[in-house]
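> Could you work out the structure for the sequence below:
(one chain, ligands or ions: 2)
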Amino acid sequence: EPYRVVALPGEGIGPEVVEASLKVLQHLAQIEGFSLVINYGLIGQPAFEKFGNFFPPQTAQICEGSDGILFGAVTKGGILELRQHFDFFINLRPVRPFETLLNKSSLQPQKIQGLDILFVRELVSGIYFGPSGRERDENGSYGYHTMKYYDWQISRIARVALQKAKERRGLLTLAHKENALPQIPWSRLVQEEAKHFPDIVVEPMLVDNLAMQLVREPKRFDVILAGNLFGDILSDIGGALVGSIGLLPSASINERGFGLYEAIHGTAPDIAGKGIANPLGTMGAVVLMLQQWGETNAATRLIQAIERVLALGYRTADLTPQGEEILVNTATLTELIIQQLSEL
Ligand code: NAI
Ligand code: MG
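Residues are numbered from 1 along each chain as shown. Ligands and ions are numbered 1, 2, ... in the order given. Model prediction:
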């Protein structure tokens, strides 16, 4: 049985990084001896132009029954609908620096050497999905977005984060803002689930303080659980920690283990079309997809190939190559990784 992958390239650098990652995935499949079927779907602006809908039913149907979605990026429409359609409520964002890129971090190398954080972000609820609108009253025109969480939505993501903490170092930090938003009792609900995980230390932390601690002493963290909004913002700090936002992958999973895989960056309109985007975030997402499939050899091989190419000094422009390092574009970096795949 081949793995069925759906590619949703989207807009901006999305198509560039997805194409590069699919090439690598196809080579891996040959080497590791599994077969792949790749289908393409439209999302975002291209979907709107063809179907008048940012996430058309045609695209939903292509994704249905597949083994994973590899997503690029979109400017605004489509991604929230896609996440909600398949109930991808678990968003996993591992933040781990490459040993050879420690000098690219915004922090001193020793502050991030050995860093290993897993963000667990709730992805289908909260302020991005609550009631919203524009109205007018006697004080003028106004807009509103509402942060709304069902208790069960918090409990189910809490169970995932606790399980991850159990498989890791046993510390779960919860990002919250209950001094200002007391009606959504994240801390209480997470503590209740934690009764079933007696070995896990649960540490609720106000999100503003957490943002500061992430920059001050990132290595103190293990798993960080956050709602949709806070998780979105906090995880971009990870980009500065590891050297570029172009390096970070994410997996969005639903209850039955079906997943959407993408880099955490957006369409990068400032560099789109130039062929210079860093594809490693999306290739990292491919690693997460392979791990989810249980193809651990393939996943390890890809990580090692990437590490070797970086160790040889090759860098895309976002990593501002200096000295001995060699500036390469997306296509060249991809070719180098493919070469390493077969040599490993
Ligand atoms: P962005 O992540 O697209 O770009 C931020 C900065 O990082 C830019 O300077 C960009 O050139 C650089 N960058 C990002 N990815 C890179 C890569 N792979 N290689 C090299 N450099 C890279 O965030 P921004 O500029 O805030 O948003 C641009 C658009 O993307 C917006 O329309 C936003 O809505 C959308 N967006 C979409 C996301 C998605 O589809 N999941 C996620 C985040 C933003
Ligand atoms: Mg974001």
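> Residue 15 contacts residue 7, correct?
No. Counting by Cβ atoms under 8 Å, residue 15 sits too far from residue 7 to count as a contact (9.1 Å). Placement of C-beta: from N, CA and C, glycine included.
> Which positions in the stretch 151-300 of the chain make contact with ligand 1?
245-246, 262, 265-271, 277-278, 281 (Cβ under 6 Å from any ligand atom).
> Without its sequence neighbours, what residue ends up closest to the residue in the chain that ligand 1 sits nearest to?
For the chain and ligand 1, the shortest gap (Cβ to the nearest ligand atom) falls at residue 266, measuring 2.3 Å. Counting by Cβ to Cβ, 6 or more residues apart in numbering, residue 73 is the residue found nearest to residue 266 once chain neighbours are left out, at 5.0 Å.
> I'd like to check which residues are in contact with the one you found.
10, 11, 12, 13, 14, 17, 262, 263, 265, 266, 267, 268 (Cβ atoms under 8 Å, 6 or more residues apart in numbering).
> what's the burial count for the first one?
Looking back up the chat, that one is residue 10. By the criterion of other Cβ atoms under 10 Å, residue 10 has 28 neighbours.
> can you give me phi and psi for it?
phi 70, psi -130 (degrees, to the nearest 10).
> again, but for the third one
Torsion angles at residue 12 (phi, psi; degrees, to the nearest 10) stand at phi 60, psi -130.
> Give me the neighbour count for it.
Neighbours around residue 12, by other Cβ under 10 Å: 24.
> need the contact list for it.
So residue 12 contacts 72, 73, 75, 266, 267, 268, 269, 272 (Cβ under 8 Å, 6+ apart).
> What of the last one?
The contact partners of residue 268, by Cβ under 8 Å, 6+ apart, come to 12, 13, 73, 246, 277.
> from those residues, which ones fall inside strands?
Judged by DSSP state E, the contacts of residue 268 include residue 73 as members of strands.
> Any chance of the contacts of residue 268 in CSV with pLDDT as columns?
Supplementary listing: these in CSV, determined by pLDDT from 0 to 100:
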residue, pLDDT
12, 98
13, 98
73, 98
246, 97
277, 98
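> And the furthest pair within the contacts of residue 268?
12 and 246 (12.4 Å; Cβ to Cβ).
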